[in-house]
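# I need the structure of the sequence given here:
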Amino acid sequence: MSRLKLYLPLALFALLAGLLYRGLNNDPTELPSALIDRPFPAFELQSVESADTLYTLAQLRGEVTLVNVWATWCFACRLEHAMLNQLAEQGVRIVGLNYKDSRPAALRWLQERGDPYQLNLFDPRGELGFDLGVYGAPETYLLDAEGIVRHRRVGVVDERIWAGELGQLYRKYQGQKRDE
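Here you go, the predicted structure:
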């Protein structure tokens, strides 16, 4: 029994070291979503531009779409905004989800930095964000033409992300729409 007590700390150390080593291979930015391959949540939200304009899920269907969760209080959103403007100029359909923000601040942001969004949903209480499982801004969801969530990107969309995972998936789902 006394020998077992001597090896117990060594065994616990080896177990802990193994778990930590295994964790080195995990991507810390990958946050799985329960919505992958499921329909985008139903909603009815005002437009950022006008409280009189309401949008629903129907406006997201029909073509491949990026839904970008953004806010004026989000520093990382500032970093990705120029890239979103470039993508919009290239014809990428982007819908904005202004998350837990104020309408005047959001309008000022779009006026100063440009507006890459074909539609801009106003979610001041974060209700749709909650339904999406948003951790914070920015987050970007790729929807196919039927409104099914195909991918979720947590963090900034930059040239590297677009050239890799997100752009490739966007083109893949655009191609599937054309093939039908």
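
# quick one, strands of this structure?
In the chain, the strands defined using DSSP state E lie at 44-47, 54-56, 65-70, 94-99, 119-123, 139-143, 149-154.

# so can I have TSV of those showing mean neighbour count and distance to E165?
Every C-beta, even on glycine, is put in place using the N, C-alpha and C of the backbone. Conversion of the strands of the chain to TSV gives the following (neighbours: other CB atoms under 10 Å; distance: least, CB to CB, whole Å):
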stretch	mean neighbour count	distance to E165
strand 44-47	16	27
strand 54-56	14	27
strand 65-70	25	12
strand 94-99	25	16
strand 119-123	23	24
strand 139-143	23	9
strand 149-154	20	7
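
# looking at this structure, which helix or strand is least sure?
For the chain, counting by mean pLDDT, DSSP states H and E, helix 2-23 ranks last in confidence among helices and strands (a mean of 67).

# C-alpha coordinates for stretch 145-164, CSV please?
Coordinates of each C-alpha in stretch 145-164 appear next as CSV, following Å, rounded to 0.1, in the frame of the first residue of the first chain:
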residue,chain,number,x,y,z
ALA,A,145,-30.3,29.4,-50.7
GLU,A,146,-33.0,27.6,-48.6
GLY,A,147,-32.0,29.4,-45.4
ILE,A,148,-30.2,26.4,-43.9
VAL,A,149,-27.2,27.3,-41.7
ARG,A,150,-24.2,25.6,-43.3
HIS,A,151,-21.3,27.2,-41.4
ARG,A,152,-20.5,29.5,-38.4
ARG,A,153,-17.5,31.6,-38.1
VAL,A,154,-16.7,33.2,-34.7
GLY,A,155,-14.3,36.1,-35.0
VAL,A,156,-13.1,38.4,-37.7
VAL,A,157,-13.6,37.6,-41.4
ASP,A,158,-10.4,38.7,-43.1
GLU,A,159,-8.6,37.9,-46.4
ARG,A,160,-7.2,34.6,-45.0
ILE,A,161,-10.5,33.4,-43.7
TRP,A,162,-12.3,34.4,-46.9
ALA,A,163,-9.7,32.8,-49.1
GLY,A,164,-9.9,29.6,-47.0
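
# hmm, back to that, for the strands of the chain, could you give me JSON lines that also reports mean pLDDT and distance to G164?
As requested, the strands of the chain are arranged in JSON lines below (pLDDT from 0 to 100; distance: least, CB to CB, whole Å):
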{"stretch": "strand 44-47", "mean pLDDT": "98", "distance to G164": "31"}
{"stretch": "strand 54-56", "mean pLDDT": "97", "distance to G164": "30"}
{"stretch": "strand 65-70", "mean pLDDT": "98", "distance to G164": "15"}
{"stretch": "strand 94-99", "mean pLDDT": "98", "distance to G164": "18"}
{"stretch": "strand 119-123", "mean pLDDT": "97", "distance to G164": "26"}
{"stretch": "strand 139-143", "mean pLDDT": "97", "distance to G164": "13"}
{"stretch": "strand 149-154", "mean pLDDT": "95", "distance to G164": "10"}
